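1. Make a model of this:
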Amino acid sequence: MPELVVERMVSFLEGIGLPVRTGSIAGRSFLPGITIDGGVLVIDKERLLYPGDLLHEAGHLAVLPPDKRSEIYGDVGTDAGLEMGAIAWSYAVALHLGIDPAIVFHEAGYRGQSASILENFAAARYIGVPILEWVGLTTAQTFPAMRNWLRS
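-> Down below sits the predicted model:
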């Protein structure tokens, strides 16, 4: 099952224009089995612990302007606004793909706040949507439906 979920995620990401490749990741990475190399999501399938992390990292890239994506190596940094946008984006993608959002918001992530995030989204309290709206990807009225998946 996890392999099929990863394949579905990768197919979607490549389809919207976010490059993904598989390969070995030397040393530590911010998230197990995932890193970013010049805007390309790299998956080390031997070390990938949480497939949903792929959507979250992709969300970071999706909210960046296109010219900034290729400048990202390792992780995307600590901008809290972009973090919130990535959270909302990855939730929308999970629903779009028919993937349980709990795969993205797993217990080992989000500084122990995964259950709260899932509870808020289930109650239509959509954190991070103002960021997505600001960059032109959705509106507060239509989320989790998206106008675009990538910031242009």
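2. Tell me which residue lies nearest the centroid of the protein.
-> The centroid of the chain falls nearest to residue 56 when counting by Cα atoms, centre = their mean (2.2 Å).
3. Which residue comes closest to that one once chain neighbours are left out?
-> residue 90 (4.7 Å; Cβ to Cβ, 6 or more residues apart in numbering). C-beta coordinates here come from the backbone N, C-alpha and C atoms, glycine included.
4. and that neighbour, what element?
-> helix 80-97 (DSSP states H and E).
5. Find me the pLDDT at residue 78, would you?
-> You'll see residue 78 listed with a pLDDT of 83.
6. For the remainder of this discussion, apply numbering that starts at 32.
-> Done: numbering now begins at 32, and the last item shifts to residue 109.
7. Residue ranges in this structure under the pLDDT threshold?
-> Counting by pLDDT under 70, the chain contains low-confidence ranges at 32.
8. residue ranges of the strands in it, please?
-> 51-53, 65-68, 71-74, 104-105 (DSSP state E).
9. Could I have the CA atoms of stretch 159-177 written out in PDB?
-> Taking C-alpha atoms only, stretch 159-177 is exported to PDB below (Å, rounded to 0.1, in the frame of the first residue of the first chain):
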ATOM      1  CA  GLY A 159      -2.900  28.200   6.000                       C
ATOM      2  CA  VAL A 160      -5.500  29.000   3.400                       C
ATOM      3  CA  PRO A 161      -4.800  32.800   3.500                       C
ATOM      4  CA  ILE A 162      -1.300  32.100   2.200                       C
ATOM      5  CA  LEU A 163      -2.600  29.900  -0.600                       C
ATOM      6  CA  GLU A 164      -5.100  32.600  -1.500                       C
ATOM      7  CA  TRP A 165      -2.400  35.300  -1.400                       C
ATOM      8  CA  VAL A 166      -0.300  33.400  -3.900                       C
ATOM      9  CA  GLY A 167      -3.300  32.800  -6.200                       C
ATOM     10  CA  LEU A 168      -3.800  29.000  -5.700                       C
ATOM     11  CA  THR A 169      -7.300  29.000  -4.100                       C
ATOM     12  CA  THR A 170      -9.900  31.100  -2.300                       C
ATOM     13  CA  ALA A 171     -11.200  30.800   1.200                       C
ATOM     14  CA  GLN A 172     -14.700  30.200  -0.300                       C
ATOM     15  CA  THR A 173     -13.600  27.200  -2.500                       C
ATOM     16  CA  PHE A 174     -10.800  25.500  -0.500                       C
ATOM     17  CA  PRO A 175      -9.900  22.600  -0.500                       C
ATOM     18  CA  ALA A 176     -10.600  22.900  -4.200                       C
ATOM     19  CA  MET A 177      -7.700  24.600  -5.900                       C
END
